[in-house]
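K.L.:
Just a sequence and a predicted model for now, questions to come.
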Amino acid sequence: MNNQRIEFDAIVVGAGLAGSSAAMVMARDGLNVALIERGRKPGGKNYFGGAVYTHAIAEVLPDYQDRKPPFERPVTEAGFWFLSETGLTRMTVQGGELNAEPADAYITLRANFDAWWAEQAQEAGAFLIPKTAVTDFIRKESGEVIGVVTDRPQGEIYAPIVIICEGVNNLLTQKLGLINRDLEPAEMALAVKQVISLKPEVIRARFGLSGEDQGLAVSVLGDVSLGLPGMGFVYTNKASVSVGVGVMLDVLVEYRLRPADILQRYLQHPAIAPLVEGGQLLEYGAHLIPEGGYKAMPKLYTDGAMVAGDAAAMVNALHWEGTNMAIIAGKLAGETAIEAHSRGDFSQRVTSRYEDRLKEGFILKDLKQYRGFSKFLETHPQFMDVYPNFVNDAIGQFFTAYGKPKQELFKGMLSGLTNRRSLIKAAGDILSMARAVMGW
Amino acid sequence: MAMKTGDAFVPKQLSEHLKESLPDVYVDDLLITLKYFIDEEEPHLWIEEHEVCMRCEHKPCLNFCPVGVYTLGSDGKIQVAYQSCVECGSCRIGCPYTNIGWVLPRGGFGVAYKFG
């Protein structure tokens, strides 16, 4: 060991939502923080739907509104779209709580948002080290983490505490033994997305929005994923729309499907094509979403280290939550690091307090409650197939004047379900869904 | 999946109707929208043992990679266009025989999303 070694009070691996949150909290408290990012700039590796949540942003940065966050639009309309092969049934809500100011959620693009979020950490005093990949840890013989190895020449960086926010491909977390198995394809959704440019006035007209201060965010179920376990989405940006679809990776592998084909098929759907017609492709991309939930989570702390965000599978797929969990978990890990410094103890005695903090809030409560949800989707593909089709057929028939007695109509509507799924099984499905969501 | 038991990978089949409904996207048309900083010296993806791929009858990597990194060469070997990789990680865990070597590109290299 030479005496010129690079030393910080804390190291954060990854300047995404979790990492920059942790860095911001620690730097603000006076810690000397290295925020290491493998991309040229923060956000460059990140791809999502999607939206960020103000409750989480405000918890880390109360005056965020004065700092010009690069939001695209507030989410003022949200809900589900059910696609059949040719039909679309919309179930969305607008107004009410969605009209709050500031909004609960803002649609954003990660290359912009994450760069801004990292800038806030830098302004608080964190030292951003971009273009640098962390490849390993420096550990004492006892196993305690005391720094990281990067891919720079003489790239060792020391700190008594390391917060790992490496993202979904959590190889460092695995290296540390915080989870003793690799990720499973059945726990991952592979999502692909196109960002398609459209003029704001076109977005306004096609999506029924009153102006740029309104935005739509929807989950799309049914034909979008060929009836296979997966989900589509649409988000309206300022002058573009983000349209994508995620399908469970094990399913893509087993059926040998090409994600770009599934997305193109979705974009060509008769109800979707008119929404994006004439738009120009700005960007295509892909990302894994850790949907394994509670059962796929690593241990969250060890001596000298903690893990937050996608690396810790902090995603609630049904509710689109993940960005908020990453921000809050990063903050809680940062606060735990501050506590460790004030007590001069970086062992599990203190880092375990990170998990206590997570248990006090919504993150671990929700992840535990929804622990059965990803298995539920896998074992109940009818929610991507039978029911979206039934909803479209039934509502379509209800509003069609066939010139037949209504009694026959209702029989027909019902058989539209029972031909696909018996009533007893349908009742069972609803119960299973309730169980998966309520955590019974 | 297959690798867990050592069994051969057996694909599932979509209905003919669904199969026919899928367009055949030329993925390069999508990739032109992406910005990359290509590491000419160190590929970050590789095939561990080409023998294993030769014995893999269905080669799902040719399809499920969202950017078409894996193609079949005229010599029957899998070719790896790591330059197109968006670092999603699907191939690392999706290859039924875990036969794909995968590390992160060196710092500063790889995809750089402009929108995200």
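P.N.:
Cool, the structure landed. Numbers count the residues shown, from 1 in each chain, chains lettered A, B, ... in the order given.
K.L.:
So, low pLDDT: which residues of chain B?
P.N.:
Filtered on pLDDT under 70, chain B yields the residue ranges B:1-6.
K.L.:
same thing with chain A?
P.N.:
By pLDDT under 70, the weakly predicted segments of chain A are A:1-3.
K.L.:
can you list the domains in it?
P.N.:
Chain A is divided into the following domains under automatic domain parsing: A:6-70+A:109-179+A:297-360, A:185-290, A:374-438.
K.L.:
TSV for those domains, including distance to chain B?
P.N.:
In short, each C-beta sits where N, CA and C put it, glycine included. Formatted as TSV, these follow (distance: least, C-beta to the nearest C-beta, whole Å):
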stretch	distance to chain B
domain A:6-70+A:109-179+A:297-360	3
domain A:185-290	4
domain A:374-438	11
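K.L.:
okay if I get these as TSV plus distance to residue A:81 and mean neighbour count?
P.N.:
Formatted as TSV, the domains of chain A follow (distance: least, C-beta to C-beta, whole Å; neighbours: other C-beta atoms under 10 Å in any protein chain shown):
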stretch	distance to residue A:81	mean neighbour count
domain A:6-70+A:109-179+A:297-360	14	22
domain A:185-290	5	22
domain A:374-438	9	15
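K.L.:
Look up how far residue B:78 lies from the residue most central in space within chain B.
P.N.:
Nearest to the centroid of the C-alpha atoms of chain B, with distances taken as C-alpha atoms, centre = their mean, sits residue B:65, at 3.8 Å. Look at residue B:65 and residue B:78: by C-beta to C-beta, to the nearest Å, they are 11 Å apart.
K.L.:
give me every residue that touches the residue nearest to the centre of chain B.
P.N.:
Residues near residue B:65 by C-beta atoms under 8 Å, 6 or more residues apart in numbering or on different chains: B:90, B:91.
K.L.:
can you give me the helices in chain B?
P.N.:
Ranges of helices in chain B, per DSSP state H, are B:2-5, B:16-21, B:28-31, B:50-55, B:61-64, B:90-94.
K.L.:
Pick the most buried one from the ones you listed.
P.N.:
Each of the helices of chain B was scored by mean neighbour count; the highest is helix B:90-94, a mean of 23, by mean count of other C-beta atoms under 10 Å in any protein chain shown.
K.L.:
Mind listing residues that contact that one?
P.N.:
Here helix B:90-94 makes contact (C-beta under 8 Å, 6+ apart) with A:169, A:182-185, A:188, A:190, A:249-250, A:252-253, A:286, A:288, B:45, B:60-61, B:64-66, B:69-70, B:98, B:100, B:102.
K.L.:
just checking, what packs against the helix or strand where residue A:408 lies?
P.N.:
Using DSSP states H and E, residue A:408 sits in helix A:406-418. The contact analysis (3 or more C-beta pairs under 8 Å, 6 or more residues apart in numbering or on different chains; DSSP states H and E) places helix A:406-418 against helix A:386-398.
K.L.:
contacting residues around the helix it packs on?
P.N.:
Residues from elsewhere that reach helix A:386-398 (C-beta under 8 Å, 6+ apart): A:82-85, A:87-89, A:221-223, A:409, A:412-413, A:416-417, A:420-421, A:429.
K.L.:
Give me the subset of those that lies in helices.
P.N.:
Short answer: the contacts of helix A:386-398 in helices (DSSP H) are A:409, A:412, A:413, A:416, A:417, A:429.
K.L.:
what's the closest of those to residue A:76?
P.N.:
Nearest to residue A:76 among the ones in helices among the contacts of helix A:386-398: residue A:429, at 31.7 Å, using C-beta to C-beta.
K.L.:
Provide a list of residues in contact with the closest one.
P.N.:
Shown in contact with residue A:429 (C-beta under 8 Å, 6+ apart): A:380, A:382, A:383, A:387, A:421.
K.L.:
thinking again about what came up before, which of the contacts of helix B:90-94 fall in strands?
P.N.:
Judged by DSSP state E, the subset of the contacts of helix B:90-94 located in strands is A:188, A:190, A:286, A:288, B:45, B:70, B:100, B:102.
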